[in-house]
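>>> Need a 3D model of the following:
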Amino acid sequence: MPSDTWVASGKPDIAPSKFDLALAWIRENRETFIGSLVILLAIIVFSVYFLIHYRGLRDTAWKTLFIAQQQAGGGNLAQAQQQLTAIETSYGSTSAAPYATLLKGDMLYAQGRFKEAAAEYSKLLNSKELAPFALYNAGKAKEAEGDLAGAQVRYSDFLLKTPEHFIAPEVHASLARVQELSGNAALAKTTYEKIVLLYPDTAWALQAKARLTPPAAAPAKK
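Numbering: from 1, shown residues only. Next up is the predicted model:
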(Lines give C-alpha, C1' and ligand atoms only; values in the text may rest on other atoms or scores of the structure.)
Protein backbone atom coordinates (compact mmCIF):
# COMPACT_ATOMS: atom_id res chain seq x y z
CA MET A 1 0.00 0.00 0.00
CA PRO A 2 1.52 3.30 -1.06
CA SER A 3 2.49 5.86 1.65
CA ASP A 4 0.34 8.97 2.19
CA THR A 5 3.44 11.12 1.76
CA TRP A 6 3.58 10.37 -1.96
CA VAL A 7 1.53 12.03 -4.66
CA ALA A 8 0.53 10.61 -7.97
CA SER A 9 3.72 11.78 -9.61
CA GLY A 10 5.74 9.65 -7.22
CA LYS A 11 7.51 12.66 -5.63
CA PRO A 12 7.29 13.51 -1.91
CA ASP A 13 4.88 16.31 -0.92
CA ILE A 14 7.37 18.71 0.75
CA ALA A 15 5.87 21.72 2.60
CA PRO A 16 7.21 25.12 1.48
CA SER A 17 9.86 26.69 3.74
CA LYS A 18 9.38 29.95 5.64
CA PHE A 19 11.71 31.62 3.16
CA ASP A 20 9.56 30.47 0.26
CA LEU A 21 6.44 31.69 2.03
CA ALA A 22 8.09 35.07 2.66
CA LEU A 23 9.08 35.41 -1.00
CA ALA A 24 5.54 34.52 -2.04
CA TRP A 25 4.11 37.17 0.29
CA ILE A 26 6.53 39.78 -1.05
CA ARG A 27 5.53 38.95 -4.63
CA GLU A 28 1.86 39.30 -3.75
CA ASN A 29 2.36 42.47 -1.65
CA ARG A 30 5.19 44.17 -3.48
CA GLU A 31 3.99 47.74 -2.97
CA THR A 32 3.38 47.23 0.75
CA PHE A 33 6.81 45.66 1.19
CA ILE A 34 8.62 48.43 -0.69
CA GLY A 35 6.74 51.11 1.24
CA SER A 36 7.59 49.51 4.58
CA LEU A 37 11.22 49.16 3.53
CA VAL A 38 11.42 52.85 2.58
CA ILE A 39 9.91 53.88 5.93
CA LEU A 40 12.34 51.65 7.82
CA LEU A 41 15.33 53.06 5.95
CA ALA A 42 14.10 56.61 6.62
CA ILE A 43 13.82 55.85 10.35
CA ILE A 44 17.35 54.43 10.41
CA VAL A 45 18.79 57.41 8.53
CA PHE A 46 16.96 59.89 10.78
CA SER A 47 18.07 58.07 13.93
CA VAL A 48 21.71 58.09 12.84
CA TYR A 49 21.50 61.77 11.92
CA PHE A 50 19.84 62.66 15.23
CA LEU A 51 22.44 60.71 17.20
CA ILE A 52 25.34 62.40 15.42
CA HIS A 53 23.69 65.81 15.72
CA TYR A 54 22.92 65.31 19.42
CA ARG A 55 26.48 64.22 20.14
CA GLY A 56 27.74 67.36 18.45
CA LEU A 57 25.41 69.54 20.52
CA ARG A 58 26.34 67.71 23.70
CA ASP A 59 30.07 68.07 23.11
CA THR A 60 29.69 71.77 22.32
CA ALA A 61 27.56 72.30 25.43
CA TRP A 62 30.10 70.63 27.72
CA LYS A 63 32.96 72.61 26.17
CA THR A 64 30.99 75.82 26.72
CA LEU A 65 30.34 74.80 30.33
CA PHE A 66 34.05 74.21 30.87
CA ILE A 67 34.82 77.67 29.48
CA ALA A 68 32.20 79.19 31.78
CA GLN A 69 33.75 77.44 34.78
CA GLN A 70 37.16 78.81 33.84
CA GLN A 71 35.76 82.30 33.41
CA ALA A 72 33.95 82.14 36.76
CA GLY A 73 37.10 80.91 38.46
CA GLY A 74 39.01 83.83 36.94
CA GLY A 75 36.48 86.35 38.17
CA ASN A 76 34.87 87.02 34.78
CA LEU A 77 31.39 86.49 36.16
CA ALA A 78 29.52 88.43 33.47
CA GLN A 79 31.09 86.40 30.66
CA ALA A 80 30.51 83.16 32.57
CA GLN A 81 26.87 84.12 33.03
CA GLN A 82 26.49 84.67 29.29
CA GLN A 83 28.00 81.28 28.52
CA LEU A 84 25.70 79.53 30.99
CA THR A 85 22.63 81.26 29.63
CA ALA A 86 23.67 80.22 26.12
CA ILE A 87 23.85 76.59 27.24
CA GLU A 88 20.37 76.75 28.76
CA THR A 89 18.82 78.38 25.68
CA SER A 90 20.72 76.74 22.82
CA TYR A 91 21.59 73.35 24.35
CA GLY A 92 18.76 72.87 26.81
CA SER A 93 18.19 69.28 25.71
CA THR A 94 21.75 68.18 26.50
CA SER A 95 23.05 66.72 29.75
CA ALA A 96 25.17 69.84 30.32
CA ALA A 97 22.17 72.18 30.74
CA PRO A 98 21.27 71.21 34.35
CA TYR A 99 24.91 71.63 35.39
CA ALA A 100 24.89 75.09 33.83
CA THR A 101 21.88 75.99 35.95
CA LEU A 102 23.56 74.62 39.06
CA LEU A 103 26.68 76.67 38.37
CA LYS A 104 24.55 79.78 37.87
CA GLY A 105 23.04 79.20 41.29
CA ASP A 106 26.47 78.73 42.86
CA MET A 107 27.75 81.93 41.27
CA LEU A 108 24.76 83.91 42.52
CA TYR A 109 25.16 82.43 45.99
CA ALA A 110 28.84 83.43 46.07
CA GLN A 111 27.80 86.98 45.17
CA GLY A 112 25.35 87.11 48.07
CA ARG A 113 22.35 87.09 45.72
CA PHE A 114 20.65 84.39 47.74
CA LYS A 115 17.08 84.83 46.52
CA GLU A 116 18.16 84.57 42.89
CA ALA A 117 20.38 81.60 43.71
CA ALA A 118 17.45 79.80 45.37
CA ALA A 119 15.37 80.41 42.24
CA GLU A 120 18.04 78.80 40.05
CA TYR A 121 18.38 75.81 42.35
CA SER A 122 14.60 75.36 42.38
CA LYS A 123 14.69 74.75 38.61
CA LEU A 124 16.55 71.50 39.29
CA LEU A 125 14.27 69.95 41.90
CA ASN A 126 13.06 67.36 39.36
CA SER A 127 16.51 66.62 37.97
CA LYS A 128 17.38 62.94 38.30
CA GLU A 129 21.05 63.55 39.07
CA LEU A 130 21.13 67.01 40.62
CA ALA A 131 17.91 67.23 42.64
CA PRO A 132 19.58 66.38 45.99
CA PHE A 133 22.28 69.02 45.52
CA ALA A 134 19.70 71.53 44.31
CA LEU A 135 17.50 70.90 47.35
CA TYR A 136 20.36 71.33 49.79
CA ASN A 137 21.77 74.38 48.06
CA ALA A 138 18.31 75.93 47.90
CA GLY A 139 18.03 75.36 51.65
CA LYS A 140 21.37 77.05 52.24
CA ALA A 141 20.32 79.99 50.10
CA LYS A 142 17.06 80.29 52.02
CA GLU A 143 18.97 80.16 55.30
CA ALA A 144 21.45 82.79 54.17
CA GLU A 145 18.56 84.95 53.02
CA GLY A 146 17.04 84.73 56.50
CA ASP A 147 14.11 82.55 55.45
CA LEU A 148 14.56 79.94 58.17
CA ALA A 149 11.17 78.35 57.59
CA GLY A 150 11.94 77.94 53.87
CA ALA A 151 15.34 76.46 54.70
CA GLN A 152 13.75 73.90 57.03
CA VAL A 153 11.34 72.87 54.27
CA ARG A 154 14.19 72.29 51.81
CA TYR A 155 16.36 70.39 54.29
CA SER A 156 13.45 68.23 55.44
CA ASP A 157 12.44 67.54 51.84
CA PHE A 158 15.98 66.42 51.07
CA LEU A 159 16.05 63.99 53.99
CA LEU A 160 12.60 62.66 53.10
CA LYS A 161 13.48 61.99 49.45
CA THR A 162 17.14 60.95 49.68
CA PRO A 163 17.89 59.83 53.27
CA GLU A 164 20.78 57.61 52.14
CA HIS A 165 22.59 60.30 50.15
CA PHE A 166 26.22 60.85 51.07
CA ILE A 167 25.60 64.47 52.11
CA ALA A 168 22.64 63.54 54.33
CA PRO A 169 24.69 63.92 57.58
CA GLU A 170 25.53 67.49 56.63
CA VAL A 171 21.90 68.19 55.78
CA HIS A 172 20.84 66.82 59.19
CA ALA A 173 23.32 69.17 60.85
CA SER A 174 22.04 72.12 58.81
CA LEU A 175 18.47 71.27 59.73
CA ALA A 176 19.34 71.11 63.44
CA ARG A 177 21.12 74.46 63.22
CA VAL A 178 18.14 76.14 61.57
CA GLN A 179 15.78 74.62 64.12
CA GLU A 180 17.92 76.10 66.88
CA LEU A 181 17.99 79.49 65.20
CA SER A 182 14.21 79.33 64.87
CA GLY A 183 13.85 78.73 68.61
CA ASN A 184 12.75 75.09 68.23
CA ALA A 185 15.13 73.64 70.81
CA ALA A 186 13.14 70.42 71.18
CA LEU A 187 13.18 69.74 67.43
CA ALA A 188 16.88 70.56 67.24
CA LYS A 189 17.58 68.16 70.10
CA THR A 190 15.71 65.38 68.28
CA THR A 191 17.68 66.03 65.10
CA TYR A 192 21.01 66.01 66.95
CA GLU A 193 20.07 62.72 68.62
CA LYS A 194 19.24 61.30 65.19
CA ILE A 195 22.67 62.33 63.91
CA VAL A 196 24.36 60.53 66.82
CA LEU A 197 22.25 57.44 66.15
CA LEU A 198 22.61 57.34 62.36
CA TYR A 199 26.23 58.44 61.98
CA PRO A 200 28.18 57.21 65.04
CA ASP A 201 31.95 57.60 65.09
CA THR A 202 31.83 60.51 62.65
CA ALA A 203 32.67 64.17 63.00
CA TRP A 204 28.96 64.91 62.61
CA ALA A 205 28.16 62.76 65.62
CA LEU A 206 30.86 64.47 67.70
CA GLN A 207 29.47 67.89 66.83
CA ALA A 208 25.94 66.73 67.63
CA LYS A 209 27.04 65.35 71.01
CA ALA A 210 28.68 68.68 71.77
CA ARG A 211 25.41 70.46 71.04
CA LEU A 212 23.51 67.99 73.23
CA THR A 213 25.90 68.44 76.19
CA PRO A 214 24.82 71.35 78.38
CA PRO A 215 27.57 73.86 79.14
CA ALA A 216 29.39 73.31 82.41
CA ALA A 217 28.32 75.60 85.22
CA ALA A 218 30.78 78.34 86.07
CA PRO A 219 32.54 77.79 89.43
CA ALA A 220 31.11 79.79 92.31
CA LYS A 221 33.07 82.81 93.35
CA LYS A 222 34.56 82.74 96.84
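
>>> so where's this structure uncertain?
Low-confidence segments of the chain (pLDDT under 70): 1-57, 215-222.

>>> repeat that for 90
The model of the chain has pLDDT under 90 over residues 1-81, 83, 86-96, 128, 213-222.

>>> tell me the centre residue of it?
Per CA atoms, centre = their mean, the C-alpha nearest to the average position across the chain is that of residue 129, at 1.9 Å.

>>> so residue 204 touches residue 195, yeah?
Yes: at 5.4 Å, residue 204 and residue 195 qualify as touching, with contact defined as CB atoms under 8 Å. Yep, even glycine has a C-beta here, placed from its N, CA and C like the rest.

>>> Show the end-to-end separation of stretch 120-133, please.
Terminal residues of stretch 120-133 lie 12 Å apart, using CA to CA, to the nearest Å.

>>> How about residues contacting it?
With CB atoms under 8 Å, 6 or more residues apart in numbering as the test, stretch 120-133 has contacts from 98-99, 101-102, 104-105, 108, 134-135, 137-138, 141, 158, 161-162, 165, 167.

>>> now do stretch 187-197
The contact list for stretch 187-197 (CB under 8 Å, 6+ apart) reads 169, 172-173, 175-177, 179-180, 204-205, 207-209, 211-212.

>>> What distance do you get for residue 208 to residue 110?
Relative to residue 110, residue 208 is positioned 28 Å away (CB to CB, to the nearest Å).

>>> Contacts only, for the closest residue to residue 148 other than its chain neighbours.
If the residues on either side of it in the chain are set aside, residue 148 comes closest to residue 182, at 4.8 Å by CB to CB, 6 or more residues apart in numbering. Listed by CB under 8 Å, 6+ apart, the contact partners of residue 182 are 148, 149, 152.

>>> want to try JSON lines for those residues, with neighbour count, distance to residue 88 and secondary structure as columns?
Listed next are those as JSON lines, based on neighbours: other CB atoms under 10 Å; distance: CB to CB, whole Å; DSSP: H, G, I helix; E, B strand; the rest coil:
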{"residue": "148", "neighbour count": "18", "distance to residue 88": "30", "secondary structure": "helix"}
{"residue": "149", "neighbour count": "9", "distance to residue 88": "30", "secondary structure": "helix"}
{"residue": "152", "neighbour count": "21", "distance to residue 88": "29", "secondary structure": "helix"}
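
>>> just curious, which of these is nearest to residue 200?
Nearest to residue 200 among those is residue 152, at 24.8 Å by CB to CB.

>>> Assess the claim that that closest one and residue 179 are in contact.
Yes: applying CB under 8 Å as the test, residue 152 and residue 179 come out as touching, 6.8 Å apart.

>>> I am finished for the moment; much appreciated.
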